[in-house]
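Colleague: Below is the sequence, then the predicted model.
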Amino acid sequence: MLGLAEPSAGCSAKKRLLGMGHLQLAQWLHDALGEPLRTASMRARQLYHWLYVRGVGTISEMTSLPKELRLALENRAEIGRPSIVSEQISRDGTRKWLLRYLDGQEVETVYIPEEDRGALCVSTQAGCSLSCKFCHTGTMRLARNLTAGEILGQILVARDALGDWPSARVDRALTNIVIMGMGEPLLNYENVADAFRIVVDGDALGISRRRITLSTSGIVPKIERWGSDLRTGLAISLHAVRDELRNELVPINRKWPISELLQACRRYPVNRPITFEYVMLRGVNDADADARELVRLLRGLPAKVNLIPFNPWPGAPFDCSDPARIRSFASIIEAAGYPSPVRTPRGRDIMAACGQLRTAASRLRRSTNRASQFAAAKAGEAREPSDGGAFGGL
Ligand code: SF4
């Protein structure tokens, strides 16, 4: 995205390996480390395997690389994984990590286990510029796009925690990925696409395109392109069926209204039903008339509607619809032939609504900082001469 700060290189002069494909790795091994052209491709493939199939956390573990190459790599490169600021595990098994990148930016990643699979919800931007009214991340400003390596780092951290290496395991806990965390992925197109080329590569993370879904609030010009480039599933963060209301709830609708968004969906070049996400807001978008209009809009489009009970955060401007209202809404959509599962709220005890954990952590840090500044000031005050000095006039 134009005008966005890139991650600061000042915090580390080393090359970050995560995010590089094997061709980039081969070129870099040749250019930066002087690896002969005849062996650079083979070494790059080995490195690629260690990064994305074995998931090692250090260069010294890459034992198939010659020792001199490992030493050179240690001097000039780092894997570049994020650090874990906190991990929370819900009573229902949902796990949420707050991750910090090398420049201090933090994002959230959530793992949601189900009976026969487990989905990871990954973030693509630190913060978000789109200010959707029901979304807690929308209350934060956008700091920057994540790099491809930073997006991949979220998946690697989750695989570590779940014991999911190597990539070739058949009984992996992490089977699906939804690109639905903090940020709008299609406003960070190149980095998200680079990351997911590595995710779907059978010689890397090896997660099937059929098990990946990108969710967008409606960046219409990029939707078809994503379908052609990555061929994953698509979800639309819809939430309203009339432009007046959607302009308020999902302000990007002012640029690309519902009719243009649905045309882009009809052109999506992947033969899978499109998921429409619809958060249930009491008295706002949950009337039977809204459900009937939704059915009319979707006519002829292979689709599924996910009804999401609103997960409120402190100060949120909405309430969740009553269960009976949600059932009535769902029955109208189902009667028209569209599956409309009501999503069971997951991880409510660990603030699993997108962005909540990051806000809570920075609030805690701010109050800790304030407390330590206050303590330092008090200590300084105690050290000041009693007849004057910095605090003498207070
Ligand atoms: S719903 Fe998505 S696009 Fe909208 S503010 Fe939240 S993170 Fe951004």
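Modeller: Structure received. Every value quoted in this text rests on a predicted model; they were computed, and no experiment measured them.

Colleague: switch to C-alpha atoms for all contacts and neighbour counts from now on
Modeller: OK.

Colleague: State the distance from the residue positioned nearest the centre of the chain to Tyr111.
Modeller: Of all residues in the chain, the one closest to the mean position by Cα atoms, centre = their mean is Ser123, 1.3 Å from it. Distance, Ser123 to Tyr111, by Cα to Cα, to the nearest Å: 12 Å.

Colleague: Over to Gln24?
Modeller: For Gln24 relative to Tyr111 (Cα to Cα), the value is 30 Å.

Colleague: what does Gly104 give?
Modeller: 22 Å.

Colleague: Can you find the helix or strand in the protein with the smallest mean pLDDT?
Modeller: Every helix and strand in the chain was compared by mean pLDDT, DSSP states H and E; the lowest is helix 356-383, with a mean of 48.

Colleague: So Gly104 and Tyr111 - more neighbours on which side?
Modeller: Set Gly104 next to Tyr111 and count neighbours by other Cα atoms under 10 Å: Tyr111 wins out with 26 against 13.

Colleague: so that one makes contact with Ala158?
Modeller: Yes - the pair Tyr111 and Ala158 qualifies as a contact (Cα atoms under 8 Å) at a distance of 7.5 Å.

Colleague: what touches both of the two?
Modeller: Residues touching both Tyr111 and Ala158 (Cα atoms under 8 Å, 6 or more residues apart in numbering): 120, 174.

Colleague: near the ligand, which residues of the stretch 151-300 of the chain?
Modeller: Within the stretch 151-300 of the chain, the positions adjacent to the ligand are 182-184, 217 by Cα under 6 Å from any ligand atom.

Colleague: so which of those is the most crowded?
Modeller: Gly183 (29 neighbours).

Colleague: Three-state assignment for it, please.
Modeller: Of the three states, Gly183 takes coil under DSSP: H, G, I helix; E, B strand; the rest coil.

Colleague: Ramachandran angles for it?
Modeller: Main-chain dihedrals, Gly183, degrees, to the nearest 10: phi 100, psi 160.

Colleague: my read: it touches Ala126, true?
Modeller: Yes - in this structure, Gly183 is within contact of Ala126 by Cα under 8 Å, at 6.7 Å.

Colleague: And for Gly34, the neighbour number?
Modeller: By other Cα under 10 Å, 11 other residues sit near Gly34.

Colleague: number of nearby residues for Arg144?
Modeller: Arg144 has 21 neighbours, counted by other Cα under 10 Å.

Colleague: The one 4 residues further on too?
Modeller: Counted by other Cα under 10 Å, the residues lying close to Ala148 total 23.

Colleague: Show the pLDDT at it.
Modeller: In the prediction, the pLDDT value recorded for Ala148 is 98.

Colleague: got a list of contacts for the helix or strand harbouring Glu190?
Modeller: In the assignment (DSSP states H and E), Glu190 maps to helix 189-200. Residues outside helix 189-200 that contact it (Cα under 8 Å, 6+ apart): 19, 21, 124, 146-149, 151-152, 185-186, 204-209, 222, 226, 229-230.

Colleague: List buried residues within these.
Modeller: With burial judged by 16 or more other Cα atoms under 10 Å, the buried subset of those is 19, 21, 124, 146-149, 151-152, 185-186, 204-207, 209, 226, 230.

Colleague: Inside helices: which ones of those residues?
Modeller: Those of the buried ones among the contacts of helix 189-200 mapping onto helices are 148-149, 151-152, 226, 230, per DSSP state H.

Colleague: any idea how far Val342 is from the closest residue to the ligand within the stretch 201-350 of the chain?
Modeller: Ranked by Cα to the nearest ligand atom, the top residue of the stretch 201-350 of the chain for proximity to the ligand is Ser217, at 5.3 Å. Between Ser217 and Val342 the computed distance is 20 Å (Cα to Cα).

Colleague: No more questions from me, cheers.
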